[in-house]
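1. sequence plus predicted model, see below.
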Amino acid sequence: MEITWYGRACFRLKGREATVITDPCPPATGFVAGKHEVDLLTLSHAHPDHAYTRSITAGMTLTRPGEYEYRDLLVTGVRTWHDGSEGSERGENVVFAVEVDGVHICHLGDLGHLLTDEQLSELGPIDVLLVPAGGTFTISPAEAAAVVAQIEPKIVIPMHFAADGASADLLGPETFLHELATEPIRQPKALVTATSLPDETQVVLLEPRGRTG
């Protein structure tokens, strides 16, 4: 599977038989995913910087919690909150776990709190965690590190942070990386298979595609 980051919380997960796009963002963020035809589109919530679908064509679009199967993709959507007060400030957020080519990837969206035992059970074991690292309208960098400890993935890929002068309303990844006390592996994109997963958790910092400036 090939994982490409298009800035903010937008990724393309390209497997052998199916492709997924998550949370496409508008040009106002400084990033844009561009035009894609994919099998599955997941939207963690309806805020404009996570649901810019104008140039995305998808066979199935998921916005709600539940268990789904589409083509070769197995998907679990878990209801969470966009804030720490059960949605009273910013509403709901759906965390999606997708199995692609035997690898379990979890996209946290704009999660606003630590996960409960029930939510962790619903998600099941996670190989690759896409975690917001820049604070602002989601968990803080310290809370993001705590969620990593809760989930214990094999690979951590930060998202939703300021990069290359874009998404300047967010923090950069440095505070989150400091909380994890680890040096990331820097790559233009990630190639992950079920047999290549590391024994110990690795942090992979991807180069963003789709810069508008």
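-> On my side now, so go ahead. Numbering: from 1, shown residues only.
2. low-confidence ranges in this protein?
-> Counting by pLDDT under 70, the ranges of the chain that qualify are 83-91, 212-213.
3. swap in 80 and give it another go.
-> For the chain, the stretches flagged by pLDDT under 80 are 82-91, 165, 210-213.
4. which stretches of it form helices?
-> In the chain, the segments counted as helices under DSSP state H are 117-123, 141-151, 174-180.
5. residues contacting the first one, please?
-> Surrounding helix 117-123, the residues in contact under the criterion C-beta atoms under 8 Å, 6 or more residues apart in numbering are 76, 78, 80, 95, 97, 106, 115, 150-151. To be clear about C-beta, it is placed using only N, CA and C from the backbone, and glycine gets the same treatment.
6. the same query, at a cut-off of 7 Å, please.
-> Contacts of helix 117-123 with the rest of the structure, by C-beta atoms under 7 Å, 6 or more residues apart in numbering, involve 76, 78, 80, 95, 97, 106, 150.
7. and Arg8, how close does it get to Pro158?
-> Arg8 sits at a distance of 12 Å from Pro158 (criterion: C-beta to C-beta, to the nearest Å).
8. neighbour count: the two, which is higher?
-> Neighbours were counted for Arg8 and for Pro158 using other C-beta atoms under 10 Å; Arg8 has more, 30 against 26.
9. residues contacting that one?
-> Contacts for Arg8 (C-beta under 7 Å, 6+ apart) come out as 23, 25, 29, 31, 49, 160, 167.
10. go ahead and confirm Met60 touches Tyr70.
-> Yes. Counting by C-beta atoms under 7 Å, Tyr70 is a contact partner of Met60 at 4.8 Å.
11. re earlier: can you tell me which of the contacts of helix 117-123 comes closest to Pro188?
-> Nearest to Pro188 out of the contacts of helix 117-123 is Cys106 (C-beta to C-beta; 22.0 Å).
12. does that closest one touch Ile126 like I think?
-> Yes. With contact defined as C-beta under 7 Å, Cys106 counts as touching Ile126 (4.4 Å).
13. identify the contacts common to these two.
-> Counting by C-beta under 7 Å, 6+ apart, the residues touching both Cys106 and Ile126 are 97, 151.
14. those two - which one has more neighbours?
-> Set Cys106 next to Ile126 and count neighbours by other C-beta under 10 Å: Cys106 wins out with 23 against 19.
15. against Thr201, how distant is the more buried one?
-> As defined by C-beta to C-beta, Cys106 lies at a distance of 13 Å from Thr201.
16. likewise Pro188?
-> Distance of Pro188 to Thr201, given as C-beta to C-beta: 21 Å.
17. and Thr19, by the same measure?
-> As for Thr19, its distance to Thr201 is 26 Å (criterion: C-beta to C-beta).
18. cool, thanks, signing off.
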